[in-house]
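Peer 1: Take this sequence and fold it.
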Amino acid sequence: MKVKFCGAARQVTGSAHLITLDDGFKILLDCGLYQGNDDEMEDFNSTWKFNPNEINCVILSHSHIDHCGRLPKLIKDGYKGPIYSTHATRSLCAIMLLDSAFIQERDAAYWNKKHKNKKKYREPLYDKNHVKTTMDRFISYGYGRTFEIYPDVKATFRDAGHILGSASVHMRIKDKNGDEIKVGFSGDIGRPNRPILRDPQIMDPVDYLICESTYGDKEHGAAPMEVEKLLRIIHETCAVKKGKLIIPAFSVGRTQEIVYIMDQLETAGRLPRIPVYVDSPLAVNATTIFGSHPECYDAELSSYILKDPNPFGFGNLTYIKEVNQSKRLNNSDKPCIIVSASGMANAGRVKHHIFNNIENPRTTILIVGYCAPGTPGAALRDGVDELKLYGVKKKVKAEVATMDSFSAHADRSEMHEFISNQRKQVKKIFLVHGEIERQESFRKYLGERGFHGMVDIPELGDEVRLY
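Peer 2: Residues are numbered from 1 along each chain as shown. Just a heads-up that it's a prediction; the model follows:
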């Protein structure tokens with residue numbers, strides 16, 4: 001049995017890991033889109049480290065585009081097998097992949113228009129018809145239910161606590177000698193004591209573990225601190241400076257978490273009477289899906305909805321779908337809060353909001369999650385004085401604030417806690433979904449806590465025999 005690292009190897013996006021059994025049966029764990037501007041990754045999304053026709057099944061950890069975003073491309077290029085996921089992941093993929101297809105088509109049309117005199121033509125990675133075919137391939141299961149994907153190969157999803165429907169994958173595989181090999185894939189590990197979702201469920205012990213490492217060198221702030229900091233930023237920006245608070249946030253997960261926290265504050269009478277806008281059609285649709293999957297809720301939210309049946313809506317909150325409504329926000333100089341996608345500010349309506357407000361010192365741009373290198377969000381986090389948006393250089397006069405405590409990714413100690421029960425059995429841990437500097441730090445951290453000599457950091461395209 002072998003594993004080949006076909007994405008998110010020394011990178012944070014583009015998750016894809018290929019398990020090949022002794023008889024040639026091939027299992028693809030995730031099929032994600034690369035998101036970033038690294039020149040070395042320019043062709044990643046349009047090419048494969050394997051033959052799509054040879055893949056027998058896909059097991060999907062969750063619906064973030066960097067984990068599912070190339071599934072329609074896989075279908076387009078010849079894949080004919082099933083896609084296994086949780087119920088909520090399937091529901092979210094239905095809207096996430098359609099949104100991604102729209103972006104692929106729009107970007108290709110823009111590129112072709114720009115290069116029409118150079119006789120160049122670019123096809124979109126996929127279109128909405130490929131998404132329809134993709135959704136027909138989904139087979140979904142609940143958490144904790146073991147299902148067979150191949151004779152002598154069984155898999156189980158456990159709640160990863162990262163976003164709605166996210167899961168770790170535990171596989172039991174019998175080799176040609178009848179011995180059972182256990183292989184685990186962490187997916188993206190969530191954080192304990194977060195709003196909305198249950199805490200990550202510990203994975204059963206495995207022999208080999210593919211583990212994320214996004215924040216392998218960091219410790220996040222505590223949850224109570226983030227609420228007070230958010231209130232302070234809202235007060236200083238909207239009440240004192242009479243400006244706009246712009247929050248780039250992923251449409252799935254982060255947006256709902258921020259809205260839920262503000263809903264609780266409004267219920268408690270602590271949220272200032274300021275208009276709040278969620279400006280993302282995808283976020284609006286995703287929030288509806290959140291309401292359809294209470295099986296993923298934690299005990300706090302399950303209790304909260306007994307007194308507030310709509311935890312994602314309150315008096316001053318407006319969900320925006322229409323483009324004209326979004327444009328009117330840019331023309332208004334009234335104080336407000338705008339939560340808009342994308343979370344890295346590299347696409348979507350939030351990029352327009354930043355473009356129109358970045359030179360206003362009354363504006364605050366609040367970064368609440370990971371931003372890949374090369375994205376506008378990462379540049380703002382790094383404290384640049386100038387930012388190029390839509391080909392125009394803009395001075396950064398707005399205040400830029402960050403709140404990593406909102407991250408849906410576990411920090412260093414939380415990841416260690418998640419895998420600590422693996423210490424006695426695991427033979428090898430492969431760190432993926434992280435930048436190399438953070439991975440090196442995390443490997444050292446784990447080595448000092450009983451995993452010495454067990455941790456590898458594969459490169460893109462590396463193939464390793466597991467036994």
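
Peer 1: pretty sure residue 283 contacts residue 254?
Peer 2: No. Using CB atoms under 8 Å, residue 283 is not in contact with residue 254; the gap is 9.1 Å. C-beta: built from backbone N, CA, C; applies to glycine.

Peer 1: Which one of the two is surrounded by more residues?
Peer 2: Taking other CB atoms under 10 Å, residue 283 and residue 254 do not tie; residue 283 has more neighbours (29 against 22).

Peer 1: Could you list the buried residues of stretch 331-344?
Peer 2: 335-344 (16 or more other CB atoms under 10 Å).

Peer 1: do the same with stretch 410-421
Peer 2: 410-412, 414-416, 418-419.

Peer 1: so can I have a markdown table of those residues showing distance to residue 380?
Peer 2: Output for the buried residues of stretch 410-421, formatted as a markdown table (distance: CB to CB, whole Å):
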| residue | distance to residue 380 |
| --- | --- |
| 410 | 24 |
| 411 | 21 |
| 412 | 24 |
| 414 | 26 |
| 415 | 26 |
| 416 | 30 |
| 418 | 30 |
| 419 | 32 |
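
Peer 1: which of the residues you listed lies closest to residue 202?
Peer 2: Relative to residue 202, the closest of the buried residues of stretch 410-421 is residue 418; by CB to CB it sits at 6.6 Å.

Peer 1: Pull up the per-residue confidence for that closest one.
Peer 2: Per-residue confidence (pLDDT) for residue 418: 98.

Peer 1: Near the closest residue to residue 434 other than its chain neighbours, how many other residues are there?
Peer 2: Once flanking residues are discounted, residue 434 sits nearest to residue 213: 3.4 Å by CB to CB, 6 or more residues apart in numbering. Residues near residue 213, counting by other CB under 10 Å, number 33.

Peer 1: Run through the helices of the stretch 101-250 of the chain in chain order.
Peer 2: Assigned by DSSP state H, counting those that start in this stretch, the helices in the stretch 101-250 of the chain fall at 128-136, 223-234.

Peer 1: Ok, which of these comes nearest residue 164?
Peer 2: helix 128-136 (17.1 Å).

Peer 1: which helices and strands does that closest one pack with?
Peer 2: Applying 3 or more CB pairs under 8 Å, 6 or more residues apart in numbering; DSSP states H and E, we find helix 128-136 packed against helix 71-76, helix 87-114.

Peer 1: got TSV for the ones you listed, with mean neighbour count, distance to residue 246 and mean pLDDT too?
Peer 2: Below are those laid out as TSV (neighbours: other CB atoms under 10 Å; distance: least, CB to CB, whole Å; pLDDT from 0 to 100):
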stretch	mean neighbour count	distance to residue 246	mean pLDDT
helix 71-76	25	31	98
helix 87-114	19	21	91
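
Peer 1: my read: residue 318 touches residue 259, true?
Peer 2: No. Using CB under 8 Å, residue 318 is not in contact with residue 259, being 11.3 Å away.

Peer 1: Compare the two and say which is more crowded by neighbours.
Peer 2: Set residue 318 next to residue 259 and count neighbours by other CB under 10 Å: residue 259 wins out with 25 against 13.

Peer 1: quick check, nearest of the buried residues of stretch 331-344 to residue 268?
Peer 2: Nearest to residue 268 among those is residue 337, at 17.0 Å by CB to CB.

Peer 1: ok, so what distance separates that closest one from residue 313?
Peer 2: 15 Å (CB to CB, to the nearest Å).

Peer 1: before we move on, what about residue 444?
Peer 2: 46 Å.

Peer 1: Comparing these two, which residue is more hemmed in?
Peer 2: The neighbour comparison of residue 444 against residue 313 (other CB under 10 Å) goes to residue 313, with 17 against 14.

Peer 1: so who does the closest residue to that one other than its chain neighbours touch?
Peer 2: Counting by CB to CB, 6+ apart, residue 313 lies nearest to residue 263, which is 7.0 Å off, once chain neighbours are set aside. Counting by CB atoms under 8 Å, 6 or more residues apart in numbering, residue 263 makes contact with 308, 310-314, 317.

Peer 1: what's the answer for residue 360, then?
Peer 2: Per CB under 8 Å, 6+ apart, neighbours of residue 360: 243-244, 397-398.
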